[in-house]
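Visitor: What follows is a predicted structure for the sequence shown.
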Amino acid sequence: MMEEARPKFCNASGSQGSASHSSRRTHWSSHILTDTKVYLYWTYILPVVLCGCETWTVSKTMAKQLNAFETWCLQIILWTPYTRHTTNDTVRSITGCLPVSEKVKSFRLRCFGHLARSAPEDDRHRVIAAALRPPPD
């Protein structure tokens, strides 16, 4: 799973070289309001990272990496130097963002609910029903 997600982190973080680093700093350090920057983050960066997350098997390590990536992005948006040692909770309270791991869990539950509510004659409904049915003794 991490092999699939790693290119998404690289694309979303813009880690293709020093040119993208300087442009990243230029975009996020402009005179745009913080609320607008957070909205841009939700609109342009999170969809790239979370594409297909409904099918991921998220371990504790993966959840920590997702949350660390989000905190890193939000600290860039807030223009917070890493030497300040700001906690994740402080960054999230300023920006009003939930942890990405919680968003992944929400997407997965929404996908499951969609499949569970499908018509009983659909193949996807039968697969879910068979997976939830206890094995015969």
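Guide: It's in.
Visitor: Identify, by residue count, the longest helix of the chain.
Guide: helix 60-78 (DSSP state H).
Visitor: Please identify the buried residues of that one?
Guide: For helix 60-78, the neighbour count (16 or more other Cβ atoms under 10 Å) marks 62-63, 65-67, 69-71, 73-78 as buried. Quick note: C-beta positions are derived from backbone N, CA and C, even for glycine.
Visitor: so where's the protein uncertain?
Guide: 1-30, 137 (pLDDT under 70).
Visitor: which stretches of it form helices?
Guide: 2-13, 18-28, 34-40, 46-49, 60-78, 88-95, 100-116, 123-132.
Visitor: With respect to burial, which of these scores highest?
Guide: Burial of the helices of the chain is given as mean neighbour count (mean count of other Cβ atoms under 10 Å); helix 60-78 ranks first at a mean of 17.
Visitor: Now for the nearest residue to Ala119 once chain neighbours are set aside: which residues touch it?
Guide: Nearest non-adjacent residue to Ala119, counting by Cβ to Cβ, 6 or more residues apart in numbering: His125, 6.3 Å away. Listed by Cβ atoms under 8 Å, 6 or more residues apart in numbering, the contact set of His125 reads Leu115, Ala116, Ser118, Ala119.
Visitor: pretty sure Phe107 contacts Val49?
Guide: No. Contact criterion Cβ atoms under 8 Å: Phe107 and Val49 do not qualify, at 11.7 Å.
Visitor: Check the gap between Glu102 and Leu109 for me.
Guide: Applying Cβ to Cβ, to the nearest Å, the value for Glu102 to Leu109 is 11 Å.
Visitor: I meant Pro134, not that one.
Guide: Applying Cβ to Cβ to Pro134 and Leu109 gives a distance of 22 Å.
Visitor: now for the buried residues of helix 60-78, which pair is the farthest apart?
Guide: Met62 and Leu78 (24.6 Å; Cβ to Cβ).
Visitor: Could you count how many residues lie near Pro81?
Guide: If you count neighbours by other Cβ atoms under 10 Å, Pro81 ends up with 8.
Visitor: Brilliant, that's me finished.
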